[in-house]
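Visitor: what follows is a predicted protein model with its sequence.
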Amino acid sequence: KAKFVAACFGTIFAGMALEGLIAVRRRLRDKERTRTPSKMEFFICEGFTYGLQTALGYFLMLIAMTFSSPLFACAVIGLLIGHLIFNLKAPVPEGPTPCCEGTSLTADKQADNEEEMDQKGSNYTRL
């Protein structure tokens, strides 16, 4: 029982750390705009923080996939607390989800792509 309680608190902490890491990456990007670091310095720093953020995000996903309701709730609570502490004033991403933001098409772009494909006479079929 003590191990499970420790796992719950660790999961909350991991969620908070993930949101904190997102805030750190935002601040690094803002500093990069005001000061010009060397390309290697920026590459190493951005790569390390991105890799850590991704690893922590997947770790939280694995915890959620254990199908333990208390651990899932702790992951969400940790992300919520971390967001309130570190990212409350951060801009809301425009995409459907932060993980898919770079690959998703907006409705206008998707409509333009469909129109372009129709004009080319391709075998494109709408569902």
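Guide: Ah, there it is. Numbers count the residues shown, from 1 in each chain.

Visitor: please tell me how far the lengthiest helix in the chain is from the chain's geometric centre.
Guide: Longest helix in the chain, counting residues (DSSP state H): helix 2-34. For helix 2-34, the distance from its own C-alpha centre to the chain's C-alpha centre is 11 Å (C-alpha atoms, centre = their mean, to the nearest Å).

Visitor: can you name the next helix or strand after it?
Guide: For helix 2-34, the following helix or strand on the C-terminal side (DSSP states H and E) is helix 39-64.

Visitor: would you mark the buried spots in the next helix or strand after that next one?
Guide: Next along the chain after helix 39-64, taking DSSP H and E as the criterion, comes helix 69-86. Residues of helix 69-86 classed as buried by neighbour count (16 or more other C-beta atoms under 10 Å): 71-72, 74-75, 78-79, 82-83, 86. For every residue, glycine as well, the C-beta is placed using N, CA and C.

Visitor: do stretch 35-48 as well
Guide: The neighbour-count check on stretch 35-48 (16+ other C-beta under 10 Å) flags C45 as buried.

Visitor: quick one: distance of it to the chain centre.
Guide: Put simply, stretch 35-48 sits 20 Å off its chain's centre (C-alpha atoms, centre = their mean).

Visitor: pLDDT weak spots in the chain?
Guide: Across the chain, the ranges flagged by pLDDT under 70 are 32, 37, 93-127.

Visitor: just list the residues touching T36, thanks.
Guide: Listed by C-beta atoms under 8 Å, 6 or more residues apart in numbering, the contact set of T36 is empty.

Visitor: contacts for stretch 71-82, please.
Guide: Residues outside stretch 71-82 that contact it (C-beta under 8 Å, 6+ apart): 7-9, 11-20, 60, 63-64.

Visitor: 10 Å instead?
Guide: Residues outside stretch 71-82 that contact it (C-beta atoms under 10 Å, 6 or more residues apart in numbering): 4, 7-23, 57, 59-66, 68, 87.

Visitor: from those residues, list just the buried residues.
Guide: Neighbour-count burial within the contacts of stretch 71-82 applies to 7-8, 11-12, 14-23, 57, 60, 63-64, 68, 87; the criterion is 16+ other C-beta under 10 Å.

Visitor: fine by me, we can end here.
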